[in-house]
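[1] Requesting a structural model of the entry that follows:
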Amino acid sequence: MNIALWIAAVLVALLFVMAGTNKVIKNREDLATMLPSTMEYPLGFTRFIGIAELLGAIGLIAPQATGIAPILTPIATIGLAIIMALAVVFHIKRGESKAIGMNLIILALSLFVAIGRLAG
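    Next up is the predicted model:
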């Protein structure tokens, strides 16, 4: 079970590192081509979400890997699951059904890791 939890955690962390990095370093025009909805919100809001995703990815791996405050891993993972749940709601409201599937998969993987780490 521990191997499955690590695989899921690394996969989720990598996805959030990629998404968060794009939101933090890309300029507004590049973001608009990738995520058109970012033009509807202040750039600072998009950057904030990106930073939260990056910190969540770190929190998903570092505490468990180092053994320093491993309780932070499920807490960070729950935070990432909340981001994904909100993303699902966001895409439903916008009628963007194609994006919902990936959000639900990442949400499920995040919950799997959170529950597994809390139980373990």
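[2] List the buried residues in the worst-scoring helix or strand of the chain on mean pLDDT.
    Across the helices and strands of the chain, mean pLDDT, DSSP states H and E gives its lowest value to helix 28-34, namely a mean of 92. Judged by neighbour count using 16 or more other CB atoms under 10 Å, the buried positions of helix 28-34 are L31. The way it works is simple: take the backbone N, C-alpha and C, and place the C-beta from them, glycine included.
[3] Run through the neighbouring helices and strands of it.
    With contacts defined as 3 or more CB pairs under 8 Å, 6 or more residues apart in numbering; DSSP states H and E, helix 28-34 has these neighbours: helix 2-25, helix 43-66.
[4] Packing partners of the helix or strand just after the last one?
    Beyond helix 43-66 in the direction of the C-terminus, DSSP states H and E gives the next helix or strand as helix 72-94. Using 3+ CB pairs under 8 Å, 6+ apart, the elements in contact with helix 72-94 are helix 2-25, helix 43-66, helix 97-119.
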